[in-house]
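Undergrad: output the structure for:
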Amino acid sequence: MSGAGAEIPRPEAAVEDRTDRTDRTDRADRANRADGADRAESDELFERLSAYEGRAAAVAGRGKDPVNEPMIRHWCEAVGDTSAAYRGPDAVAPPTMLQAWTMGGLTGHTDHRSAAYDEMFALLDGAGYTSVVATDCEQEYLRPLRPGDRITFDTVIESVSPRKTTKLGIGYFVTTRTDVHAGGEPAGTHRFRILKYRPAQRNKSPEAARRPRPVINRDNAGFWDGVAEHRLLIQRCTDCATLRLPWLPGCNACGGAEWDTVEAGGGGTVFSHVVMHHPPFPAFAPDGEGGPYAVALVELAEGVRIVSNVIGVPYDKVRVGMPVQLEFLRTDPDLELPVFRAGEGG
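TA: Below is the predicted model:
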């Protein structure tokens, strides 16, 4: 029996409540069925891809060249590594060159690649996962490589991940493991991971494209403080006076931890460059449409190098040896960057 003042439920309210609950239940059931169907589709493809785990991707591969001094020298010059271990009669190759000795160049290693590798990628492409991006690699070094070593290798499809959702899109991570041998002896292992994905649909933003923000930490904050003052600061080791750029917590020549700075004069030359065609990135392209743009490694008059953009000339006019001059470019209200200007006659 109801107490005084208690509200007696109306029959129509009970019907409305049951109808609302039924609608919510139906919507949840439909969502669960759709999600389950999506997972089933994903699981079916994953099961087919998993069958390739452990199968060979390349068998009895051979390096196109033996380990050699010119490649070691070019590598060291490109990355600025001046270690004496990589020069002279007792030189060894930098350990991180491990993959370089197995690479097939523009023509690849089609004679060593297995059918299983091509089948797996055809399966992914056929399911719409046509885009690819390298995500990371891991290396293990078992013995030094020396000039004259003949390189052989075998590659296996080590793992395929379940379907993953990333900012790039939905796809599968594929990891291959390459076991590298020198003169028949194990020399190292190289694991390489890629994402085969279906690009996510993106809505065009009405706002102007912005360049990525630099990562500023305690090791490089002084560099960006200098940029804010329109000064390009180079670190100088106070123990051996070696200059270094980009900034590092310690000297790569003597290991010294103490340093001061010198300001770059601003002059330099293009040491090397690449032209970026894809993917389009409107924030970097002068026309704002994401077209090709040049990225250069500029050697400053002080002898150190910096990666930057060359402005003042079309991307296809940038040349190695071209003289350039430092400027500071404000790309948006919150970001200013060092760039280098060249003239048409440069």
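Undergrad: going by C-alpha atoms from here, please, whenever you check contacts or count neighbours.
TA: Noted.
Undergrad: tell me how far F284 lies from L337.
TA: Distance of F284 to L337, given as Cα to Cα, to the nearest Å: 12 Å.
Undergrad: out of those two, which sits in the busier spot?
TA: Just comparing F284 and L337: by other Cα atoms under 10 Å the higher neighbour count belongs to F284, 22 against 16.
Undergrad: the more buried one is in what secondary structure piece?
TA: F284 is part of no helix or strand, with elements assigned from DSSP states H and E.
Undergrad: show me where this protein has helices.
TA: Remark: helices assigned in the chain by DSSP state H are 11-50, 69-79, 115-126, 221-228.
Undergrad: what mean pLDDT does the longest one get?
TA: Model confidence over helix 11-50, given as mean pLDDT, is 54.
Undergrad: ditto for the second one
TA: Per-region confidence: helix 69-79 scores 94 on mean pLDDT.
Undergrad: tell me the buried residues in it?
TA: E69, M71, I72, R73, W75, C76 (16 or more other Cα atoms under 10 Å).
Undergrad: so where is the protein shaky, pLDDT-wise?
TA: Within the chain, the stretches with pLDDT under 70 are 1-42, 109-110, 202-208, 286-290, 343-346.
Undergrad: which stretches of it form strands?
TA: Assigned by DSSP state E, the strands in the chain fall at 56-62, 131-141, 151-160, 164-165, 169-182, 185-199, 233-237, 243-244, 259-263, 267-276, 293-300, 305-311, 323-332, 335-341.
Undergrad: what packs against the second one?
TA: If you count contacts as 3 or more Cα pairs under 8 Å, 6 or more residues apart in numbering; DSSP states H and E, strand 131-141 packs onto strand 185-199.
Undergrad: buried stuff in the strand it packs on?
TA: For strand 185-199, the neighbour count (16+ other Cα under 10 Å) marks 186-199 as buried.
Undergrad: ditto for stretch 119-136
TA: Buried residues in stretch 119-136 (16+ other Cα under 10 Å): M120, F121, L124, Y129, T130, V132.
Undergrad: next up, phi/psi of R211, please.
TA: Dihedral pair for R211: phi -70, psi 150, per degrees, to the nearest 10.
Undergrad: any idea how far T331 is from it?
TA: R211 is 7 Å from T331, where distance means Cα to Cα.
Undergrad: mutual contacts of those two, please.
TA: By Cα atoms under 8 Å, 6 or more residues apart in numbering, R211 and T331 have no common neighbours.
Undergrad: one step back: got a markdown table for the buried residues of strand 185-199, with distance to D225 too?
TA: Listed next are the buried residues of strand 185-199 as a markdown table, based on distance: Cα to Cα, whole Å:
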| residue | distance to D225 |
| --- | --- |
| P186 | 48 |
| A187 | 44 |
| G188 | 42 |
| T189 | 41 |
| H190 | 39 |
| R191 | 38 |
| F192 | 37 |
| R193 | 36 |
| I194 | 36 |
| L195 | 37 |
| K196 | 40 |
| Y197 | 39 |
| R198 | 40 |
| P199 | 38 |
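Undergrad: now do the buried residues in stretch 267-279.
TA: Across stretch 267-279, burial judged by 16+ other Cα under 10 Å covers G267, G268, T269, V270, F271, S272, H273, M276.
Undergrad: which residues touch the first one?
TA: Looking back up the chat, that one is G267. By Cα under 8 Å, 6+ apart, the neighbours of G267 are L300, A301, P323, V324, Q325, L326.
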